[in-house]
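> My questions are about this predicted structure, shown below with the sequence.
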Amino acid sequence: MINVKVLVSDPISDKGVEILKNEFDVDIATGLEPSELIKRIGNYEALIVRSETQVTKDVINAGKKLKIIGRAGVGVDNIDVNTATDKGIIVVNAPEGNTISAAEHTIAMMMAMSRNIPQANASLKSKKWDRKKFMGVEVRDKIIGIIGLGRIGAEVAKRAQGMEMKVLAYDPFISPERAGDLGVELTTVIDIVKRADYITVHTPLTKETKDLINTKEFAVMRRGSRVINCARGGIINEEALANAVREGIVSAAAIDVFIKEPPFDSPLLELDRVIVTPHLGASTEEAQVNVAVTVAEQVVNALKGFPVKNAINMPYIKAEAMQILEPYFPLAEKMGKLCMQLIGTNYEKVEISYCGEISEQNVAPLTLAVLKGLLEPVLGAGVNYVNAPGIAKERKIKVVESKSKTIEGYSSQVTVKLSKKNEEKLVSGTIVGKEPRIVQIDNYRIDVLPSRYMVVAKHEDHPNIIGPCCMILGRNNINIAGMQVGRLNIGSEAIMVLNIDSDVGDEVLDEIKSVDGIIDAKRVVL
Ligand code: NAD
Ligand code: MLT
C-alpha cells in the first residue's frame, strides 16, 4: 500500500471503496459542512465526490496535498475545475457509467407523466377511487424532440423509437451522418418546440444551454406539450416553465434536476401537473457501481503515475517534452475554439499540421488540445484531452494529423483546417517568445494575440468600413484592445480581426454585419 490518504465525502458504492482501500488509507466522511471539509482536506492526496460536495476554490486551496479529485458521475459543475487545473490537480469523472440509468429515468418520467402515475398513486393512498381524473395519453405515434443527442440523448432516442415514437433532435455538434445512423431528424430548437408532443433536454449546462427553453420558446410551443428535464437544472427556465404550465401551454412536466438543489423554493413544486424526483437519474445500483469503480480505478492509476482515462483537465506528458510543448497547449486549444466558431457547426473533417521545429516533438497531445478546443464550446467541461478523440470519432469527424520539417515563415507553426460541404476554414498559429499568435486566417496573413473576446470580419478592401465598425463598438461601450487587417491584393477582399474587452452580443454583431462592404462577421469567445 502506498502511503496515501483518500477522503470519500459523498456516498459511493462499496465496490469503489474496496478498490481504494486495497491501495490506500481511506476515510469516509459524508455530509460534511463546507468549513469542516476545508479543515480536513489538507490531510488528503485524493478526494472522491458525487454531486453533493461542493469542491470550491476554498476547498481546493486548503487541499495542500491534493493530487486528484474524482467525480463518481458525469457533471463536474460542483467542482471548480479551473482552480484545480491552476493547482495542477487532476480532475477525473465517470461519464459513461450512468448513461443507461439516466436514459431509463427519462423514459420512466415520460411514462409516469403521460399516465399521471404519481398523482394517481397519491390519490388512491388518500383513499380516493378516481378513475376519470387520471385519464392519460399513449406515447405511440407521438413526436419526441431531444435537445442534446450525446450519450444519454442517443439512448433516449433508441428507447423512444422502441415505443414507436418519431424522434426529432437538435444538437449543433452532431453530424447529419450520426443523426441518420440513429434514425432521427435533425432540426432546430424552435422547430422542436413547435412540433413535438414531448421535449426532453440532454445537454450539459453551459453558457449556451442556460435557459435554452425560456419564455420565447414557450410562446411558440405547441399547446399541450409535455416537457422533461433529467439533465441539469437551468437548461429549462423554471419560472418560465411554471408560467407555461399555469397557462396550459405545457400540459405536464417531469423534472429531476433543479437550478438550486434541494429546490424547496422552486415554483415547480407547487404545480400538480409537474412531477418531480430528487436528482435520481443516476440512482440505480448498476450506475452507482459503474461510476464508483471507474472513478476508483482512475484514482489508483493516477496516484501510481499511470495515465488516466477520463481526465477532465490535463494529459500526462514527460517533463522534458512539456518544457517545449507547454506554450503550445493554450495556443492549440484557442485555435480549435477559434476555427470552430469561424466555421460554425456540422463540420466533417479537421486537419492539423505541424511545421518546422515543433514537428520533431510528439505532437499528439497538441492534437488533443485542438480537439478539446473544437469540442468544448458545445460539450462544456465534459470534454478532455483523453476523451476528445473518441467523441470526435463518435460524431464522425475525421481527424488528420500531419508533420513537415519545412519552415513556413516561423520556426514552428501549427495549422488547423476545418472542412464541411462547400466550405473550409483555416487558422494558423505560432509562439513568439512565450506568447501565442494567430498568424493566418484562411489565406490572409495576420499577427494577432488571441484574446477572450474577438470579432473576425471579412470585408471589401476599400475605405470607410473599418471606421464605422469601430464606431459601432465605441457607441456600444465595447473597448477595442487591438486590431489587425490582412488582405491578399489591394481592392480585393480583406479580413479584420478586432480584440475587444467584452463580448459583442448578437445585436452589435448584426450592426457590424450591416456596414456597407462587410461580407461576413463572426463573434469569437475563447
Ligand atoms: P454528453 O456530453 O454525452 O452529451 C451532451 C450533448 O449535448 C452533446 O452531444 C453535445 O453536442 C450537446 N450539446 C452541447 N451544447 C448544446 C447546445 N447548445 N444545444 C444542443 N445540444 C448541445 O453528455 P451525457 O452523458 O449525455 O449527459 C447529458 C446531461 O445529463 C449532462 O448535463 C449530465 O450532467 C446530465 N446527467 C444527469 C443525470 C441525472 O442524475 N439526472 C445523470 C447523468 C447525466
Ligand atoms: C451526473 O452528472 O452524473 C449526475 O447528475 C448523477 C449524479 O451525480 O448523481
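Good, I have the coordinates. Ligands and ions are numbered 1, 2, ... in the order given.
> how about the residues of the stretch 51-200 of the chain near ligand 2?
For the stretch 51-200 of the chain, the residues in contact with ligand 2 (Cβ under 6 Å from any ligand atom) are S51, G73, V74, G75, N98. In short, each C-beta sits where N, CA and C put it, glycine included.
> Specify which member of those residues is nearest to G467.
Lowest distance from G467 to these (Cβ to Cβ) belongs to G75, with 46.2 Å.
> Return the residues in contact with that closest one.
G75 makes contact with S51, N93, P204, L205, R232, G382, according to Cβ atoms under 8 Å, 6 or more residues apart in numbering.
> How about T367?
When contacts are counted by Cβ under 8 Å, 6+ apart, T367 touches A332, I352, V399, E401.
> try 10 Å this time
Contacts for T367 (Cβ atoms under 10 Å, 6 or more residues apart in numbering) come out as 332, 336, 350, 352, 354, 385, 388-389, 399-401, 414, 416.
> that older thread, which of the contacts of G75 fall within strands?
N93 (DSSP state E).
> Going by neighbour count, which of the contacts of G75 comes out on top?
With neighbours taken as other Cβ atoms under 10 Å, the top of the contacts of G75 is N93, carrying 28 neighbours.
> Would you mind confirming that Q484 makes contact with V448?
Yes. Counting by Cβ atoms under 10 Å, V448 is a contact partner of Q484 at 5.0 Å.
> sorry, back to before: flag the least confident of the contacts of T367.
The member of these with the lowest pLDDT is Y385, at 70.
> Tell me the residues of the stretch 1-150 of the chain that contact ligand 1?
With the criterion set to Cβ under 6 Å from any ligand atom, the stretch 1-150 of the chain comes near ligand 1 through V74, G75, P95, N98, T99, A102, I147, G148, L149, G150.
> who's in contact with the fourth one?
In this structure, N98 makes contact with 72-74, 105, 151-152, 281-284, 286-288, 290-291, 294, judged by Cβ under 10 Å, 6+ apart.
> And for the third one?
With contacts taken as Cβ under 10 Å, 6+ apart, P95 has the following neighbours: 71, 73-76, 150-151, 291, 294, 309-310, 312, 382-384, 387, 391.
> Could I have the buried ones of the residues you listed as PyMOL selection syntax?
Typed into PyMOL, the line below selects the buried ones among the contacts of P95, using 16 or more other Cβ atoms under 10 Å:
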select buried, resi 71+73+74+75+76+150+151+291+294+309+310+312+382+383+384+387+391
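> what's the closest of the contacts of G75 to ligand 2?
Ligand 2 lies nearest to S51 out of these, by Cβ to the nearest ligand atom, at 3.9 Å.
> Nearest residue to that closest one in space, please, no chain neighbours.
Using Cβ to Cβ, 6 or more residues apart in numbering and skipping residues adjacent in sequence, the residue nearest S51 is N78, 5.4 Å away.
> Tell me which entries of the residues of the stretch 1-150 of the chain next to ligand 1 lie within helices.
In helices, judged by DSSP state H, the following of these are found: T99, A102.
> Please dump the residues of the stretch 1-150 of the chain next to ligand 1 into JSON lines; it should also carry pLDDT for every row.
Shown next, in JSON lines, are these (pLDDT from 0 to 100):
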{"residue": "V74", "pLDDT": "92"}
{"residue": "G75", "pLDDT": "91"}
{"residue": "P95", "pLDDT": "89"}
{"residue": "N98", "pLDDT": "96"}
{"residue": "T99", "pLDDT": "97"}
{"residue": "A102", "pLDDT": "98"}
{"residue": "I147", "pLDDT": "98"}
{"residue": "G148", "pLDDT": "97"}
{"residue": "L149", "pLDDT": "97"}
{"residue": "G150", "pLDDT": "95"}
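> how about JSON lines for the contacts of G75, with distance to V139 and pLDDT added?
Formatted as JSON lines, the contacts of G75 follow (distance: Cβ to Cβ, whole Å; pLDDT from 0 to 100):
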{"residue": "S51", "distance to V139": "29", "pLDDT": "91"}
{"residue": "N93", "distance to V139": "32", "pLDDT": "93"}
{"residue": "P204", "distance to V139": "26", "pLDDT": "92"}
{"residue": "L205", "distance to V139": "27", "pLDDT": "91"}
{"residue": "R232", "distance to V139": "24", "pLDDT": "96"}
{"residue": "G382", "distance to V139": "29", "pLDDT": "62"}
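> Switch the contacts of G75 over to CSV; also include distance to M135.
Shown next, in CSV, are these (distance: Cβ to Cβ, whole Å):
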residue, distance to M135
S51, 36
N93, 43
P204, 36
L205, 35
R232, 32
G382, 40
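> next one: phi and psi at D461?
phi -90, psi 80 (degrees, to the nearest 10).
> nope, P450 is what I was after
P450 adopts backbone torsions of phi -70, psi 130, taken as degrees, to the nearest 10.
> Let me see the domain layout of the chain.
5-96+286-313, 99-276, 317-442, 451-526 (automatic domain parsing).
> For the residue of the stretch 151-300 of the chain found nearest ligand 2, give me the pLDDT.
Nearest residue of the stretch 151-300 of the chain to ligand 2 (Cβ to the nearest ligand atom) works out as A282 at 3.5 Å. Looking at A282, its pLDDT is 97.
> Could you tell me the end-to-end distance of stretch 10-19?
16 Å (Cα to Cα, to the nearest Å).
> Verify the contact between R50 and T30 for me.
Yes. Using Cβ under 10 Å, R50 makes contact with T30 at a distance of 9.2 Å.
> what's the burial count for E360?
Using other Cβ under 10 Å, E360 is surrounded by 12 other residues.
> wouldn't it be in contact with K405 here?
Yes. Using Cβ under 10 Å, E360 is in contact with K405, at 7.5 Å.
> Just give the nearest non-adjacent residue to the closest residue to ligand 2 within the stretch 101-250 of the chain, would you?
Closest contact between the stretch 101-250 of the chain and ligand 2, by Cβ to the nearest ligand atom, is at A102 (7.0 Å). Of all residues beyond its chain neighbours, the one nearest A102 is G281 (4.1 Å), with distances taken as Cβ to Cβ, 6+ apart.
> What is the three-state secondary structure of the spatially closest residue to V515 that is not a sequence neighbour?
Nearest-residue entry for V515: P468, 4.8 Å, with adjacent residues in sequence omitted and distances by Cβ to Cβ, 6+ apart. For P468, the assignment made with DSSP: H, G, I helix; E, B strand; the rest coil gives helix.
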